[in-house]
Structures are given as structure tokens and as C-alpha cells.
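J.: Okay, structure incoming, though there's no sequence with it:
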């Protein structure tokens, strides 16, 4: 999976949006016709989990040394055919596109 980092630097009091919907729109606009298949919000410790959608336990937040842990990027590739991660460091959010 490719990864793109979008750095937004400001001078003064203005701040870039940290709202997932805004970042989704930005990522989809930059990489049209790709669309969102998942996201990971590192600050809120929240993500769009295919396993939880199926009422299964989430394997993404397990400790690194747990054998049942699955990397979220891998899940996006295998289950959602994601091929691009757009990371916004100012918001601590990664948007996954396919």
C-alpha cells in the first residue's frame, strides 16, 4: 500500500480542519476517482473496523506481541482493496482509499 503524507503548515492563528469528513473530502479530491474505504484516528483511538461491522472482535488494537493482532493497513488491503493511505499529521488521521 502506498502512503502519502499531507502536511498543512500555517502561520498565524488559523488552523486546518481536523474533521474526518473534511479530510475525507480532501483525500478523495486529491486522488479522484478513489473513495474512502477506512480511516484511523490516532488521537481519538477510533477506526472504521470491518471486523466490528461483522460483530467480531477487533484485532487491530491488540498489543503488538499478540499473535491475533492484525495490522489495520493489511485489513484495508485485503478486505477493502485499499491501495493508498493519505495521512494528515496535523490531525493525526489516516484516510484509506481504493
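T.: That came in fine, so what should we check first? From a predicted model like this one, the values you see are computed outputs, not experimental measurements.

J.: ok, the residue of the chain positioned farthest from its centre to residue 78 distance?
T.: Here the chain reaches farthest from its C-alpha mean at residue 12, the gap being 27.9 Å by Cα atoms, centre = their mean. For residue 12, the distance to residue 78 equals 43 Å [Cβ to Cβ, to the nearest Å]. For every residue, glycine as well, the C-beta is placed using N, CA and C.

J.: what's the answer for residue 47, then?
T.: Relative to residue 78, and taking Cβ to Cβ, residue 47 is found at 15 Å.

J.: next one: residue 85
T.: From residue 85 to residue 78 the distance is 14 Å (Cβ to Cβ).

J.: Give me the helices and strands touching the lengthiest helix in the chain, please.
T.: Once the chain is assigned using DSSP state H, the helix that runs over the most residues is helix 20-30. Secondary-structure packing of helix 20-30 (3 or more Cβ pairs under 8 Å, 6 or more residues apart in numbering; DSSP states H and E): strand 36-41, strand 84-88, strand 93-97.
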